[in-house]
Each structure stands twice: as structure tokens, then as C-alpha cells.
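1. Sequence first, predicted model second:
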Amino acid sequence: MNEDELLRAVGRLPRSIEPPRDLWPGIEPRLQRRRHWYWIPLAVAAVLALVVIARSIQTQPAWDVTMLAGRPLLGNTRLAASGRLRVGDWLQTDDSSRALIAIGHIGQVEVKPGTRLQLVAARRDDHRLALARGGIDATVDAMPRLFFVDTPAGTAIDLGCAYTLETDSLGNGRLHVTRGEVEFETGPRSSRVLLGAIIQTRPAIGPGIPYVEDAPAPLARALVAFDFENGGARAARTILALARAQDAMSLWHLLQRVDPTLRAMVYDRLAALVPPPAGVTRSRAIALDSRALEGYWTKIHNIQFRRIVLRGVREIDPRTGTTRRHE
Amino acid sequence: MAPPDDLVARAQAGDQTAFRDLYRQHVGRVYALCLRLTGNSGDAEERTQDVFVRLWDKLRTFRGESAFSSWLHRLVVNVVLNERRTTGRRERRVALAEDPDSIVGAQHAAPLHQSAGLSIDLERAIAELPEGAREVFVLFDIEGYAHAEIAELVGIAEGTSKAQLFRARQLLREKLAG
């Protein structure tokens, strides 16, 4: 037989050969059995999943809430004495109710009357509330940037501090720092607020320039005009005219927000009120060199800190931060 | 009986009656391939059953991108070759040669016409081929696989597949000539 004959013979082989007996009886029970085995791990997995879900619900991060006055609303439930605020839950106080929230283990928030807020995150590296309206007094004793409060005008970032934050129904807000420092930011715009200072905030604009709590009212108004009312150069000149050494924090922010053509004028006024520290030059500050700005900020921060902390104890020179000597 | 596509769809949905009909439709082709690849009717029955049990599990993954028969064909080859790899039943071929009744198709071959005798002899000769040569011969000359596919399926080099085919054809010509 040659190869062609072989291949022709191969071509005639039947494509189908019936087995000598019916093989189905040996297949069917294995299908049944396999089906059972198929479901057992699935059932086990389902039970395990339920256990995990149940445990995750039980261990889901939640913050303790204590009623201070009235009957705050936690979710859909009136808070009788205390409860747990879970991520996603809303807490609401009416005109006569107040509550105290424990911020995990790092601080607390007193919720003022007429407030609506939500717990957004309760992780070790992100303790976050959203303040829709109303006011809170926050006290945090932790590393900076662990506690955040989102508002319609931006986010208050704790830098180790205590503060009061308020937001009205239009989203306009006010932040008053009573200890430490808070950063308030909206996108690229941010303000650094030292203890004893205040900022106004507006939705879609963000934080205004901070001013010290004892700033003259005309200065505060000029800052609002500059930040939120398109006050421009005119408002800037008013600010410079009204500013005192105590208002160096405001001028430091103004330097970075005015039209570049006005920066030299702002710098000169700031330098006249609070002389720059060593290493900070006029040209670098006007160029908004970050190291120069940080150096200046450190000096302003230290002066403001001493001025507020030692208030009533010693008279601090707002130009230098040293004790003022009376001759 | 329902159209094949409908049977496949129903079986995919877990309808065991439809699956039994699929079995009836395809068992002949499956068994023939198993028989030729294993060279032993006992092994072929076992592999045929394995194939349909495996098919029941795998049926959900059939997306209709190829003909069902082609997809099943590939499954048969994989099941048989995997079984051979895991159990290494090389001794079976010796037993097969000593037990002519277990050899291919003696009792199932085509209707008795003039070529029937040759077919039976050819089936028997194929079954008596060395395992490697038989697998390549069945896949290439009977089932129409390319050497590259065979190399991938069997886990050998393409050149080895060609060499095994040459060897198989030569052995068959010698057997059938004798």
C-alpha cells in the first residue's frame, strides 16, 4: 500500500462510531453529583460573604454622638441621649438642639443649633464631615491634616487647632480660629488662618483673606470688597492704608492675590510694618518665591502666636513679637 | 428533537434533558475520536463519559464564536490528552494488542461493503501505533489539524509532529501491506 492508498482509506473511515453500550447512565449521576459539589462551595462562599458583610457592618467606622440639648435628628431617628454617626449618616439640629460628636479619637465637634452635617469619612487618615449649613465648634488634638470639614465654599483643613466654622443657607461661611492654625482651600485658592484670626468664605470663590479678630471694621470691609466684590486696586490701596503691624497676616495673603503690578506696593507696606526676616529679599518676595514667602510667614505666625497667647500677660510688639518695653 | 442551537442554549441554562439530547447527537463523533486517540474501547468509553461531564461544566463558557461541534471537538482532544498526561497509560497499548476485541471498531465499523474489511484493518493498525505517532496521525490525517495546532495541543515541537506523522504513515503502510 502506498501513501495515496493509505490516505484514501483514511478518508473512508467513519467520522462517527457508536459506543458499544449506552454511556449516558454513567454520565448522568456524575452530572448530579457535580451539581451538588458545585453548589457546596458556592453555599459556603455565600455564608462567608454574609458573615463578612455582617461583621463589616458591625465594625464599620462610626463616631459617638451625644445629645447636649433638645432632640437632634440622627438619620431618621431622634437622638434621645447618644448614638452612633456612621459614614453617610446625617445629623441635624433644630433651633433648640445641640449635639457633641467625638471625632474618632482625635477630638470633638460641638454641633450648634440649626445645623445639618454629614459624616463623610471616618478613616485613620481622613476624618471628614460635610457641613451643609449651621455651625460647629471643632477641637482637634492630633497631627495636622487628619480632620477636614467640607463646606459649600471649600474645605477647612485642621493643622492642630480649635475653631468655629459657620455656613449659612446660601453657602457663605465664616471661620474663626481659636487655637493653632487652619488652612481653608478651594481648588487652587487657599488661606492660612492663624489663631485669633477670621476668614469669610463664599461658594464658587472660596476663602477670603484672613484678618485678626481685633482688626478695624473698615479694614475687614475692605478685605471683603477685595475678595468678593471685585474691589481690585482700589480696595487693595484701602487695605494698605488701614493695615497695622497686627495685620501682617492679611498683607502676606494680599501680596499673593493682587495684580502683579501692585505687588511691590504691598510688599513695601508689609515690610514697613513687619520687617522681613533674614534671607527674605524684596525681589524674591515680589516674585512669590515660595521659600521667601514661607520665611516671612514663619515670622508673622510667631508674632501672632505670642500676641494672642500672651494677651493680658505681656504687651507684645506686633512688629517683632518681642515684649514691648515702656520707657 | 430540537435544533442544535436551541439544545445548546437550553443545556447552557441547566436543562439536563436538552443536555441528554446533545449527548445523543454527538456521542458517535466523540466516541470515535476518543477511540482513535486512545486506541482502546474501554478507555474510549471512559473518556467519552469524561468529555460529557466536562462539557456540562464548561458549556456556559461556549459563546457561539465557533461551531458547537468544532468547540466540542477541541474539548475532546483536550480531555483525552490531559488524561494521558496525568495518568501516562502507555501500558494500555500492549494490552490492546493482546485483546483484539478491545480494538477499534471491529464490531462498530461501517456497513459491510467491499471496503469494510480494509477499514477494520486500518482502525486496528491505527490502534496499534505507538502512542505519539497515533495521536499525531489521528489529529492530522483523520481530524485535519495542522502541525502547529497539534504541537500546541500535544505539547511537542512542530518538527516532532511532522516526524511522528511520517513514522505513523510508514508503520501503517507496512502493517496493511503485510
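-> Arrived safely.

2. Give me the neighbour count for the nearest residue in space to residue B:133 that is not next to it in sequence.
-> Among residues not flanking residue B:133 along the chain, residue B:168 sits closest, at 3.9 Å (Cβ to Cβ, 6 or more residues apart in numbering or on different chains). For glycine as for every other residue, the C-beta is placed from the backbone atoms N, C-alpha and C. Residue B:168: 24 surrounding residues under other Cβ atoms under 10 Å in any protein chain shown.

3. Contacts only, for residue B:136.
-> B:150, B:154, B:161, B:164, B:165, B:168 (Cβ atoms under 8 Å, 6 or more residues apart in numbering or on different chains).

4. Check which residues of stretch A:206-215 are buried.
-> Across stretch A:206-215, burial judged by 16 or more other Cβ atoms under 10 Å in any protein chain shown covers A:206, A:207, A:208, A:209, A:210, A:211, A:212, A:215.

5. Return the subset of these lying in strands.
-> The members of the buried residues of stretch A:206-215 that map onto strands under DSSP state E are A:206, A:207, A:211, A:212.

6. how about the nearest residue to the third one, chain neighbours excluded?
-> Yep, that's residue A:211 we're talking about. Using Cβ to Cβ, 6+ apart, the nearest residue to residue A:211 is residue A:250, at 5.0 Å.

7. isn't there a helix covering that neighbour?
-> Yes: assigned with DSSP: H, G, I helix; E, B strand; the rest coil, residue A:250 falls within a helix.

8. Closest one to chain B out of the ones in strands among the buried residues of stretch A:206-215, please.
-> Nearest to chain B among these is residue A:206, at 53.1 Å by Cβ to the nearest Cβ.

9. Go through the helices and strands of the chain and name the one with the lowest mean pLDDT.
-> You didn't pick a chain, so chain A it is. Within chain A, no helix or strand scores below helix A:24-59, which has a mean of 72 by mean pLDDT, DSSP states H and E.

10. not what I meant, chain B
-> Sorting the helices and strands of chain B by mean pLDDT, DSSP H and E puts helix B:92-98 at the bottom, at a mean of 42.

11. which strands and helices sit next to the helix or strand residue A:294 falls within?
-> In this assignment (DSSP states H and E), residue A:294 forms part of helix A:290-309. Helix A:290-309 sits against strand A:189-194, helix A:248-257, helix A:282-286, with contacts defined as 3 or more Cβ pairs under 8 Å, 6 or more residues apart in numbering or on different chains; DSSP states H and E.

12. List the buried residues of that helix.
-> Those would be A:292-293, A:295-297, A:299-301, A:303-308, for helix A:290-309 by 16+ other Cβ under 10 Å.

13. any weak-confidence spans in the stretch 201-327 of chain A?
-> A:325-327 (pLDDT under 70).

14. those helices in the chain, which residues are they?
-> Since no chain was named, I'll use chain A. Ranges of helices within chain A are A:3-11, A:24-59, A:217-228, A:232-242, A:248-257, A:263-273, A:282-286, A:290-309, based on DSSP state H.

15. Wait, chain B was what I had in mind.
-> Counting by DSSP H, the helices of chain B are B:4-12, B:16-38, B:41-58, B:68-87, B:92-98, B:116-127, B:131-137, B:147-154, B:158-177.

16. Where among those helices is average confidence lowest?
-> When those are ranked by mean pLDDT, helix B:92-98 comes last with a mean of 42.

17. Just name the most buried of the helices of chain A.
-> helix A:248-257 (a mean of 23; mean count of other Cβ atoms under 10 Å in any protein chain shown).

18. Check which helices and strands that one sits against.
-> If you count contacts as 3+ Cβ pairs under 8 Å, 6+ apart, helix A:248-257 packs onto strand A:189-194, strand A:211-212, helix A:217-228, helix A:232-242, helix A:263-273, helix A:290-309.

19. Smallest gap between chain B and chain A, at which residue?
-> Sorted by distance to chain A under Cβ to the nearest Cβ, the residues of chain B start with residue B:28, at 3.3 Å.
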